[in-house]
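**Q** Sharing a model that was predicted from the sequence below.
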Amino acid sequence: MKLCYVTLLNVYKEIEEEMEKEGKHYQVHYAEEEIKNQVRAYYAKANWFHEEHILTMEEYMRVALVTIGYTVVTTLSLMGMGDIVTKETFNG
């Protein structure tokens, strides 16, 4: 899991370097945070599996909503929309 996490952070570092050329490197921060949330959720699921913990529906849904990846995809989509997306879009 650590190798996956480090590799993802390295990819985002490369993306940030490219985005910096366009003056939009701040956008990468938002994507990194969403990836970190997703990895934390995967880690929680793995721990529960190894502990043979039976989740309540509330526990499962809290993690499932993150692991389906919609926040990551949405954030990455916003990054690819060019000049129509501003800092306010991400903060709003």
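**A** Structure's in. What do you need? Numbering: from 1, shown residues only.
**Q** C-alpha coordinates for the helix-or-strand element of the chain with minimal mean pLDDT, PDB please?
**A** Sorting the helices and strands of the chain by mean pLDDT, DSSP states H and E puts helix 87-91 at the bottom, at a mean of 81. The C-alpha trace of helix 87-91 is given here as PDB (Å, rounded to 0.1, in the frame of the first residue of the first chain):
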ATOM      1  CA  LYS A  87      -9.400  28.900  -7.200                       C
ATOM      2  CA  GLU A  88     -12.900  30.000  -6.200                       C
ATOM      3  CA  THR A  89     -14.300  27.000  -8.000                       C
ATOM      4  CA  PHE A  90     -12.300  24.600  -5.900                       C
ATOM      5  CA  ASN A  91     -13.000  26.500  -2.700                       C
END
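**Q** Show me what that helix is packed up against.
**A** When contacts are defined as 3 or more CB pairs under 8 Å, 6 or more residues apart in numbering; DSSP states H and E, helix 87-91 packs onto helix 26-51, helix 70-79. To be clear about C-beta, it is placed using only N, CA and C from the backbone, and glycine gets the same treatment.
**Q** list the buried ones in the one helix or strand residue 6 maps to?
**A** Element membership of residue 6, judged by DSSP states H and E, is helix 2-21. By neighbour count on 16 or more other CB atoms under 10 Å, the buried set for helix 2-21 is 8, 12, 15-16, 19.
**Q** Of those, which is the nearest to residue 62?
**A** Nearest to residue 62 out of the buried residues of helix 2-21 is residue 8 (CB to CB; 21.8 Å).
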